[in-house]
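**Student:** When you get a sec, could you give me coordinates for this:
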Amino acid sequence: MIDIWIPITIFAALFQSWRTALQQRLRGRMSVNAVGFVRYVYAVPVGLVLFWVLHSISGTAMPVPNLRFLADCIIGGFLQIIGTSLLIMAFGFRNFAVGTAYAKTEAVQGAIMAWIILGEALSPIALVGIGIGVVGVLTLSLGGRGLKANELLRATFQPAALCGLGTGLCFAFTAIFIKDGNRALGDIGGGDLGIITKAVFALVVTNVLQTLMQGLWIMWREPPQLRLAFTTWRSSMWVGALSACGSAAWFSAFALAPVALVRALGQIEMVFTLGFSRFYLKEKLRRADILGLVLVVGGVGLVLLGR
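**Tutor:** Have a look, this model is predicted:
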């Protein structure tokens, strides 16, 4: 029997890839902060509906927030905002490929942080799978750009690389804080469905806090962009809806399985991204793309085998 966190993670990766594609369209009309803001503000009502449905079906007790839970949501939500900003900053530097590639080390950083903080140990096979998957993601990120392994190492201390590493670290810590927040809510019954209900509750609270944090920042620094975020609601709401569905899946997977395994399986997002590129944008596949695809799929297979 397949563990429920596996299809949930795959759906999370699919929704994230889809949402990113829609966000790219908005970037031509809005600032970086405004594009991030619509992701959170329009996700709140969708998240509330998801929570209401899950709570009604599961028949669980209502989650009761406490200080530890709220602190986890605040810190995790803030780190997600910072990580997203660092990733966009990496694109602004000369060697954006290096920044993108180093951001994809999130799975490795997540495995290390989860082991240190949460005590989540992985089997040797799963660790090998994570390593192969990361190599595959790096190959996809750098394919066709002429960067060899020694060049990538020499570029480690460039601003783009540092921003990329910072992105991966922020996202790794975000997952850990979100998982701890789910635990802080205690047992509300309902088995796995109850855990998922708590995860979606944590998502709603986190999205509300992120809306306040980024909304106040835009109100102070970019008032016209705040108005634009609401006047473009017909296109922006789809970004929020996909973000809510994707984040609900990520939060649920983090609550159900070790963070490192979820992040490692989540690398399959690159496969979906490649699919959008080939069949939607009609772009041709390069040899590096095919090699990277094989490595990612092979790494994911080993992770699942060694879970």
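**Student:** rest of the way, CA atoms for contacts and neighbours
**Tutor:** OK.
**Student:** where do the strands sit along the protein?
**Tutor:** Assigned by DSSP state E, the chain shows no strands.
**Student:** Now the biggest helix by length in the chain: average pLDDT?
**Tutor:** Counting residues, the longest helix found in the chain (DSSP state H) is helix 191-221. Helix 191-221 shows an average pLDDT of 94 in the prediction.
**Student:** Pull up the gap between residue 43 and residue 76, please.
**Tutor:** According to CA to CA, to the nearest Å, residue 43 stands 16 Å off from residue 76.
**Student:** try residue 182
**Tutor:** 12 Å.
**Student:** Which one's more surrounded, these two?
**Tutor:** Neighbours were counted for residue 182 and for residue 76 using other CA atoms under 10 Å; residue 182 has more, 31 against 26.
**Student:** quick one: contacts for that one?
**Tutor:** Residues near residue 182 by CA atoms under 8 Å, 6 or more residues apart in numbering: 69, 195, 198, 199, 202, 255.
**Student:** The fifth one reaches residue 73, doesn't it?
**Tutor:** Spelled out, that is residue 202. Yes: Residue 202 lies in contact with residue 73 (CA atoms under 8 Å); the separation is 7.0 Å.
**Student:** And for stretch 252-265, what's in contact with it?
**Tutor:** Here stretch 252-265 has contacts from 5-6, 8-10, 106-108, 110-111, 114, 120, 126, 130, 133, 175-176, 178-179, 182-183, 192, 195-196, 199-200, 300, 303-304, 307, using CA under 8 Å, 6+ apart.
**Student:** Give me the buried entries from these.
**Tutor:** 5-6, 8-10, 106-108, 110-111, 114, 120, 126, 130, 133, 175-176, 178-179, 182-183, 195-196, 199-200, 300, 303-304 (16 or more other CA atoms under 10 Å).
**Student:** Quick check: closest non-adjacent residue to residue 249.
**Tutor:** residue 12 (5.0 Å; CA to CA, 6 or more residues apart in numbering).
**Student:** show me what contacts that neighbour?
**Tutor:** Residues in contact with residue 12 (CA under 8 Å, 6+ apart) are 245, 246, 247, 248, 249, 250, 266.
**Student:** Compute the number of surrounding residues for residue 56.
**Tutor:** 12.
**Student:** er, residue 234 actually
**Tutor:** There are 9 residues near residue 234, going by other CA under 10 Å.
**Student:** Kindly report the same for residue 248.
**Tutor:** For residue 248, the neighbour count with other CA under 10 Å is 26.
**Student:** quick revisit: quickly check the contacts of residue 182 for the two that are furthest apart.
**Tutor:** Using CA to CA, the two most remote members of the contacts of residue 182 are 69 and 195, lying 14.3 Å apart.
**Student:** Help me confirm that residue 267 comes into contact with residue 131.
**Tutor:** No: applying CA under 8 Å, one finds residue 267 not in contact with residue 131, separated by 11.4 Å.
**Student:** Of these two, which one has the most company?
**Tutor:** residue 267 (25 against 21).
**Student:** what sits against residue 51?
**Tutor:** Neighbouring residues of residue 51 by CA under 8 Å, 6+ apart: 197, 200, 201.
**Student:** and the gap between the last one and residue 174?
**Tutor:** As defined by CA to CA, residue 201 lies at a distance of 16 Å from residue 174.
**Student:** Show me which of the two is the more surrounded one.
**Tutor:** Shown here are residue 201 and residue 174; by other CA under 10 Å, residue 201 has more neighbours (27 against 24).
**Student:** so what's the more buried one closest to, chain neighbours aside?
**Tutor:** Going by CA to CA, 6+ apart, residue 201 has residue 51 as its nearest residue, at 6.1 Å.
**Student:** Check the gap between the one you found and residue 181 for me.
**Tutor:** Taking CA to CA, one finds residue 51 at 16 Å from residue 181.
**Student:** Please apply the same query to residue 302.
**Tutor:** Distance from residue 302 to residue 181, by CA to CA: 29 Å.
**Student:** Check residue 57 too.
**Tutor:** According to CA to CA, residue 57 and residue 181 sit 22 Å apart.
**Student:** Which of these two has more residues huddled nearby?
**Tutor:** Neighbours around residue 57 and residue 181, counted as other CA under 10 Å, are more numerous at residue 181. The numbers are 26 against 13.
**Student:** Just give the closest residue to the more buried one, not the sequence neighbours.
**Tutor:** Going by CA to CA, 6+ apart, residue 181 has residue 69 as its nearest residue, at 4.5 Å.
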